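Chemist: Quick one, structure for this:
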Amino acid sequence: MILEYFMLLLLILMIGLAVFAVETRDLLAAVLAAGFISLVASIVYLYLQAPDVAMTEAAIGAGLTTLIFIIAVRKTERYEK
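Modeler: The predicted structure is shown next:
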């Protein structure tokens, strides 16, 4: 019963982060929110007993992709006009 509430909390957190990433005008904050979405998704995959998918999502989705987007934002303007 508690694990269902934990999953519901994670899903609400993912939706909240997604709305924040779309609505914010600060591109760096949007990239970080997308990285946290990937991190929460990896926790969800771990709960669903898919550790290989969870590790891949954490490494590629939350780690490498976020890093590439941060480098791209640093080379352009940080705030959307």
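
Chemist: residue nearest the centroid of the protein?
Modeler: residue 37 (2.0 Å; C-alpha atoms, centre = their mean).

Chemist: That one against residue 17, yeah?
Modeler: Yes. At 4.9 Å, residue 37 and residue 17 qualify as touching, with contact defined as C-beta atoms under 8 Å. Glycine gets a C-beta too; all of them are placed from N, C-alpha and C.

Chemist: just the strands in this structure please.
Modeler: Taking DSSP state E as the criterion, the chain carries no strands.

Chemist: Which parts of it are helices?
Modeler: 2-23, 27-47, 51-56, 65-75 (DSSP state H).

Chemist: any chance of those in CSV, plus mean pLDDT and distance to residue 81?
Modeler: Compiled in CSV, these are given as follows (pLDDT from 0 to 100; distance: least, C-beta to C-beta, whole Å):
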stretch, mean pLDDT, distance to residue 81
helix 2-23, 95, 15
helix 27-47, 96, 11
helix 51-56, 96, 35
helix 65-75, 94, 14
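
Chemist: Pick the most buried one from the ones you listed.
Modeler: Ranked by mean neighbour count under mean count of other C-beta atoms under 10 Å, the helices of the chain are led by helix 27-47, which reaches a mean of 18.

Chemist: So what's the gap between that helix and the chain middle?
Modeler: 1 Å (C-alpha atoms, centre = their mean, to the nearest Å).

Chemist: So which elements touch it?
Modeler: Where contact means 3 or more C-beta pairs under 8 Å, 6 or more residues apart in numbering; DSSP states H and E, helix 27-47 is packed against helix 2-23, helix 51-56, helix 65-75.

Chemist: which stretch among those comes nearest residue 41?
Modeler: With C-beta to C-beta as the measure, helix 2-23 is the member of the helices and strands packed on helix 27-47 nearest residue 41 (6.8 Å).

Chemist: elements contacting that closest one?
Modeler: Using 3+ C-beta pairs under 8 Å, 6+ apart as the contact test, the elements touching helix 2-23 are helix 27-47.

Chemist: got the angle for the helix it packs on vs helix 2-23?
Modeler: 160 degrees (axes from the mean of the first three to the mean of the last three C-alpha atoms, to 10 degrees).
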